[in-house]
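S.K.: Would you be able to build a 3D model of this:
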Amino acid sequence: MSAPGNFKFSLYLKESWLTEQERFNLERIFSALLPERQVEILDHWPKYLDKLLEIKHYADEERRRNIANAFERIERLVSEAELRAEEARSRAEETEATFQSNLAWAEEYDRKRKLEVMRNAGRPPVCEKPEGEIPRKLEDPLSAFL
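M.R.: This next block holds a predicted model:
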């Protein structure tokens, strides 16, 4: 009884909308069932096929939803990564602009300092008075000759 039931079950599966892999899996499951259960399935095959197709359809829809969700998450991650990269690029450009600005100021300061040194070449150095000390009036150096 097992062999004719399996043959009949195989024919039913071949007429169904199931893939070859699904048919193979169902034949393996069917062969492991008790003969009474096999007969019940064969006797009520349209009902079982409808249920199998319903489950397959649900599983396919669930798989599509999962794939769509995965792509949405991947797209979100890529967008966030691009945003972080853009922010990093912006910060790097800002840092570079600040560095260039500071460098220009430093070069200008150095140029002015060198110019001042050249202007003061040969002049006596100016002594700075300590804070809080009252400046004294310098005497005219030519007053001794008058």
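
S.K.: can we go C-alpha only for contacts and neighbour counts from here?
M.R.: Noted.

S.K.: Report how many residues lie close to Leu26.
M.R.: Residues contacting Leu26 under the criterion other Cα atoms under 10 Å number 16.

S.K.: How much space separates it from Glu61?
M.R.: Here Leu26 is placed at a distance of 21 Å from Glu61 (Cα to Cα, to the nearest Å).

S.K.: middle-most residue in the protein, spatially?
M.R.: Residue closest to the average C-alpha location in the chain (Cα atoms, centre = their mean): Ala81, at 3.1 Å.

S.K.: Quick one: residues contacting that residue.
M.R.: Ala81 makes contact with no residue under the criterion Cα atoms under 8 Å, 6 or more residues apart in numbering.

S.K.: Name the secondary structure element that contains it.
M.R.: helix 45-119 (DSSP states H and E).

S.K.: How about Gly122?
M.R.: Using DSSP H and E, Gly122 sits in no helix or strand.

S.K.: quick one, phi psi at it?
M.R.: Note on Gly122: backbone dihedrals following degrees, to the nearest 10 are phi 90, psi -10.

S.K.: now it: how far from Leu115?
M.R.: If you go by Cα to Cα, the gap between Gly122 and Leu115 works out to 14 Å.

S.K.: out of those two, which sits in the more crowded spot?
M.R.: A side-by-side neighbour count of Gly122 and Leu115, using other Cα under 10 Å, places Leu115 first with 12 against 8.

S.K.: Count the residues that sit near Phe9.
M.R.: The tally of other residues near Phe9 (other Cα under 10 Å) stands at 22.

S.K.: Apart from its neighbours in sequence, what residue is nearest it?
M.R.: Leu42 (6.7 Å; Cα to Cα, 6 or more residues apart in numbering).
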